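In: Provided below for reference: sequence and predicted model.
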Amino acid sequence: MKSLNEDKILGEVDISNVSPTGRTRHTVDGVPVTNEIKLRLMRLAGDTSIYLIHYGPNETELTDTCHLTIEEALDQASFEYGIAKSDWNFFEES
């Protein structure tokens, strides 16, 4: 059984040169998020969900979505940015 005692980065992709599809709109306090540069797949400590976290400059966490599986999170990233699974850099889970 995998340990749920620490946050795990499962994968990430650079989106600094990718245009969003326009199918979703993320906001923080009602203001649209426009400076996303990276997406990261995370499993947070004590949680079995997969989070698709949007980052801005300097690793600033901007927003996230929560998913039951990695595939669901990848589908969401594709829906939002048109990026393929092959565009991701994946890290092994221990």
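Out: Perfect, thanks for sending it. Numbers count the residues shown, from 1 in each chain.

In: Give me the sheet partners of the lowest-mean-pLDDT helix or strand in the chain and which way each runs.
Out: Scoring the helices and strands of the chain by mean pLDDT, DSSP states H and E places strand 27-28 at the bottom, with a mean of 83. Strand 27-28 has these partner strands in its sheet, going by DSSP bridges: strand 31-32 (antiparallel).

In: ok, residue 15 - contacts?
Out: 36-39, 81, 83 (CB atoms under 8 Å, 6 or more residues apart in numbering). Placement of C-beta: from N, CA and C, glycine included.

In: same deal with residue 35?
Out: Taking CB under 8 Å, 6+ apart, one finds 56-57, 62 in contact with residue 35.

In: Roughly how far does it sit from residue 92?
Out: 30 Å (CB to CB, to the nearest Å).

In: Residue 32 now?
Out: Per CB to CB, residue 32 is found 35 Å from residue 92.

In: which residues of the protein fall in helices?
Out: Using DSSP state H, the helices assigned to the chain run over residues 70-81.

In: so where's it shaky on pLDDT?
Out: For the chain, the stretches flagged by pLDDT under 70 are 1-4, 93-94.

In: Let's see that with 50 instead.
Out: Applying pLDDT under 50 to the chain picks out residues 1, 94.

In: Point to the residue nearest the middle of it.
Out: For the chain, residue 52 is the residue whose C-alpha lies nearest the centre (CA atoms, centre = their mean; 2.6 Å).

In: does that one really touch residue 69, like I thought?
Out: No - shown here, residue 52 and residue 69 do not form a contact pair, counting by CB atoms under 8 Å, at 11.4 Å.

In: nearest to residue 76, of the contacts of residue 35?
Out: Closest approach to residue 76 among the contacts of residue 35 (CB to CB): residue 62, at 15.0 Å.

In: Let me see the contact set for that closest one.
Out: Counted by CB under 8 Å, 6+ apart, residue 62 has contacts 26, 28, 33, 35-36, 54-56.
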